[in-house]
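# sharing a sequence plus its predicted fold:
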Amino acid sequence: MAVHLRRGDMDNWRNRQHAWPEKEAVASQTVANMQRLGISRVFLATDTTQEEKKWLKGAIPGLLTFEVSEGEPLHEAEIAIVDQVIAGHSTFFLGNFWSTFSWAIIEERYKHGAQEESNAFQQAPFS
């Protein structure tokens with residue numbers, strides 16, 4: 001299973017605040033899908049902070065991320081490519097409807113034979 005958690009530029013899109021679920025909602029939806037599907041590992045594709053990654057690793061059992069070693073000369077675009085390839089091969093994908101990156105992952109998954117029902121979108125609770 002893979003999850004895309006968009007964070008980096010979301011502050012620029014305050015008119016779409018309903019599209020950016022809080023970390024608690026993402027964790028809850030991820031764990032629920034893991035339990036429903038009998039999955040024990042989940043890959044997180046994200047541009048979030050190390051602090052939020054740490055929190056999510058504590059809230060989601062079996063959470064994995066791609067981490068660049070200190071001093072590695074990888075650009076953020078290269079990291080995104082790695083994230084997309086890994087998520088594109090997942091058995092189930094939980095993405096963000098407003099994100100072009102999530103849609104690119106879904107297209108990649110379709111190329112590999114993924115079924116439509118093996119994709120879902122995070123839901124941000126309305127307050």
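Yep, that arrived. Just so it is clear, the structure is predicted and the values come from calculations on it, not from any experiment. Numbers count the residues shown, from 1 in each chain.

# quick one: which helix or strand includes the residue of the chain most remote from its centre?
The centre of the chain is farthest from one residue, residue 71, which by CA atoms, centre = their mean lies 24.9 Å away. Under DSSP states H and E, no helix or strand contains residue 71.

# state the distance from it to residue 22.
Look at residue 71 and residue 22: by CB to CB, to the nearest Å, they are 33 Å apart. (Each C-beta comes from the backbone N, C-alpha and C, glycine too.)

# kindly report the same for residue 31.
Residue 31 is 15 Å from residue 22, by CB to CB.

# give me the more crowded residue out of these two.
Applying other CB atoms under 10 Å to residue 31 and residue 22 shows that residue 31 carries more neighbours, namely 16 against 10.

# could you list the buried residues of the helix-or-strand element of the chain with minimal mean pLDDT?
Across the helices and strands of the chain, mean pLDDT, DSSP states H and E gives its lowest value to strand 119-121, namely a mean of 87. For strand 119-121, the neighbour count (16 or more other CB atoms under 10 Å) marks 119, 121 as buried.

# strand partners of that strand, parallel vs antiparallel please.
strand 93-95 (parallel) (DSSP bridges).

# thank you kindly, that will do.
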